[in-house]
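S.K.: Fold the following for me, if possible:
(chains A and B)
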Amino acid sequence: MLKKVFSKQNKALLSELVRTDFKLRYQGSVLGYAWSLLRPLMLFAILYMVFVKFLKLGGDIPHFPIYLLLGIVLWTFFVDITSQGLGSIVGRGDLIRKIRIPRWIIVVSTSVSALINLILNLIVVLVFMIFNQVDFLQTSLWLPLILVEIYMIGLGLSLFLSAAFVKYRDLSYIWEVIVQAGFYVTPILYSMTLITNITYQKILLMNPLAQSIQDARYAVVSHSPNVITIDSIFSSGIAVRLIPLGMCVLFLVIGVWYFKHEAENFAENL
Amino acid sequence: MSKDIVIKVDNVSKAFKLPHEKQSSLKGMFVNVFKKTRSFERQSALKDISFEVKKGEFFGIVGRNGGGKSTLLKLIAGIYSPDIGIITVNGKLTPFIELGVGFNHELTGRENVYLNGALLGFSRNEMAVMYDDIVAFAELERFMDQKLKNYSSGMQVRLAFSIAIRAESEILVMDEVLAVGDAAFQKKCFDVFRELKNQGRTIILVTHDMSNVERFCDRVLVLNESKIMKIGTPQEAATIYSRLNINSDKKADKSGIKKTIVNRWGAGGIRVKNLGFYDSKDTETSIFEVGGSIKIKIDIERDAALKNTQVVCGLAIYNQDGVNVTGPNSIEAPLNKDATTIEVRIPDINFAPGEYKLTTAIYNAEVTEPYDFLDKYDKFSIISDHTVHGLVEVRSSWTSN
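M.R.: Below is the predicted model:
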């Protein structure tokens, strides 16, 4: 089964689709690839001005700008992977109606593009960390695992969304709203210490994205007690972690199942 | 399934759902969402299709537009799945049904070669090895670093075809590939087809062009209105196919001769009322075999004042290119003065197969002024079970020493 999934042909196709995606993305723009770095940087600049300089948030967190940037980069990754994944099957309708290739490759190729973007952005974060003289924390080594978690949620959701979008075109608008809401439900801009009610804090951290972003900040930026993670808020330890993790696995399983279920009808529904 | 059968289509049917929802208002949309039963019309695209393709066969699929050809091809290629029935494919099949699938106009020719290759299952390294051959075959060496949007459609097809024939599949499936490209490139394609055939590969070709079918195919399937009409030799298929086209033409205009039409003029008083074509058995038809007998029967009506007026009837037959092939008239054999029915028989109509238009004219005895002139109004068709070269077929005898 896995041998079939990672066959030579599939790998060649995947890499070619990702390549095409990158070539086309900044087609005709003067700065080209630089935009994949500039976009989150500019968003960061705006949020930094508003929230750090004017509103003076995050004073209780060491290296708050880095903390903010890392959060934005991870959130951008999630948005990229799901929004581009959502439109991927419909956008590639020309292929689906005329050629027999494994449909999932199209969705996975957009997720790989998003992953490459993330890596570029993380390099920017690293550069800022060096400027900002953030100490290297050993816990940083956990970061790849945290990224895997976000990738799993993202991929699961985009498989589900891309398949559903074939039938229900309203989904792109709905998803836009959900992402917008998610941006505020997830503690990206604000420190969790702003939420005084501990129950709310706990509920918030059941969201796998909130949990993983907070974990990443704890692992990479600062061990300050004000960087609230699922471990620091629940005393019961590892067991609670299973809730967001389980949700993440569930997303992926449902996504894969639904996609497989719908895939054979894509050609005629498109 | 026996070994030399590569494709077996067993009792396959396919229908498409056509939703019946025109939601012009928000309210209508909500009503539709909550109403569980959505109205659909099931449009049948294929009904009870069964056939087999043998290894090494050049198999043609022909049919009129909307007859289900492309649906059948997509089912074979695995793009659609059948509602009922089973399709078994024994061997590696090309995954595409059209040339240039996935071509991106914003990429250069070179980049598109690699992308298209990947869709066929080739890695970059494998494509790099074949690259020069592909470009040389397409004759596009100078253009490879230009964006595809600057290519002409013929150039795109050439490039696509050059890549497609590299696909190492035992079974090739192609839909209307030869529609574009100049004569020289088409010849190249035919050479490739012959070579592929000699290599023992199985090829399925969907086309409208009967001459290609006759040139290449071993067997041909004729699809009409979602059903198989015939599986047979190219000649048999060609006859049926041309008959199909004619019948639907016939259905389209059954109105008889109208009094006022654009291509009708004349002094009036004597008019063509009705016109029919009859074969050797005196049955009315509009399809004739090459060399067969054709009778044209013209009913005319006369005003009372012209009851006993000598007229001359002239005909002109034009082929599809508008060439006047022949023009018999009644000057040599004067008609009765009071004739109301005129019949003319051509015992051996030896025109090349195709559609012909008939001009009918009723002139005064001096042939100076027409009473009625019907320009290229009636149509009949000539069909043949063999190829006729040129405009007409003449009897010829050959000797050699």
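
S.K.: Kindly list the single helix or strand of chain B that scores lowest on mean pLDDT.
M.R.: Of all helical and strand segments in chain B, the minimum by mean pLDDT, DSSP states H and E falls on helix B:26-34, at a mean of 60.

S.K.: any idea which helix or strand comes after that one?
M.R.: strand B:40-54 (DSSP states H and E).

S.K.: Show me the helices in chain B, by range?
M.R.: For chain B, applying DSSP state H gives helices covering B:26-34, B:69-77, B:109-119, B:124-138, B:153-164, B:183-198, B:210-216, B:234-252.

S.K.: Is it possible to get a markdown table of those helices that adds distance to B:Phe380?
M.R.: In short, each C-beta sits where N, CA and C put it, glycine included. Listed next are the helices of chain B as a markdown table, based on distance: least, C-beta to C-beta, whole Å:
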| stretch | distance to B:Phe380 |
| --- | --- |
| helix B:26-34 | 51 |
| helix B:69-77 | 27 |
| helix B:109-119 | 46 |
| helix B:124-138 | 43 |
| helix B:153-164 | 36 |
| helix B:183-198 | 31 |
| helix B:210-216 | 19 |
| helix B:234-252 | 9 |
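
S.K.: Tell me which residues touch the residue nearest to B:Ala164 when sequence neighbours are not counted, please.
M.R.: Spatial nearest neighbour of B:Ala164, chain neighbours left out: B:Leu99 (5.8 Å); criterion: C-beta to C-beta, 6 or more residues apart in numbering or on different chains. Listed by C-beta atoms under 8 Å, 6 or more residues apart in numbering or on different chains, the contact set of B:Leu99 reads B:Val157, B:Ala160, B:Phe161, B:Ala164, B:Met174, B:Val177.

S.K.: what does the stretch 151-270 of chain A put close to chain B?
M.R.: A:Glu264, A:Asn265, A:Ala267, A:Glu268 (C-beta under 8 Å from any C-beta of the partner chain).

S.K.: In the residues you listed, find the pair that's most separated.
M.R.: Maximum pairwise distance among those (C-beta to C-beta): 9.2 Å, between A:Glu264 and A:Glu268.

S.K.: Now that we're looking at whichever residue of the stretch 101-250 of chain A sits closest to chain B, what pLDDT does it have?
M.R.: For the stretch 101-250 of chain A, the residue closest to chain B is A:Ile101, as judged by C-beta to the nearest C-beta, at 6.3 Å. On pLDDT, A:Ile101 comes in at 87.

S.K.: doesn't A:Leu95 make contact with it?
M.R.: Yes: counting by C-beta atoms under 8 Å, A:Leu95 is a contact partner of A:Ile101 at 6.7 Å.

S.K.: which neighbours do these two share?
M.R.: With C-beta under 8 Å, 6+ apart, A:Ile101 and A:Leu95 have common neighbours B:Leu119.

S.K.: which one of those two has more residues nearby?
M.R.: The neighbour comparison of A:Ile101 against A:Leu95 (other C-beta atoms under 10 Å in any protein chain shown) goes to A:Ile101, with 23 against 20.

S.K.: I'd assumed the more buried one was in a strand, is it?
M.R.: No: under DSSP: H, G, I helix; E, B strand; the rest coil, A:Ile101 sits outside any strand and is assigned coil.

S.K.: Around chain A, pick out the residues from chain B.
M.R.: B:16, B:74, B:77-81, B:95-98, B:101-102, B:104, B:106-107, B:111, B:114-115, B:117-119, B:121-124.

S.K.: List the contacts of A:Ala239.
M.R.: For A:Ala239, counting by C-beta under 8 Å, 6+ apart, there are no contacting residues.

S.K.: Check for me that it belongs to a helix.
M.R.: Yes: residue state for A:Ala239 (three-state DSSP) corresponds to a helix.

S.K.: burial measure for B:Asp191, as a count.
M.R.: Quick note: B:Asp191 (other C-beta under 10 Å) scores 10 neighbours.

S.K.: One more: B:Lys147?
M.R.: Residues near B:Lys147, counting by other C-beta under 10 Å: 16.

S.K.: swap in A:Leu55?
M.R.: Other residues within reach of A:Leu55, judged by other C-beta under 10 Å, total 11.

S.K.: ditto for A:Lys167
M.R.: 13.

S.K.: any idea how chain B splits into domains?
M.R.: Annotated domains of chain B cover B:5-94+B:169-248, B:264-383 [automatic domain parsing].
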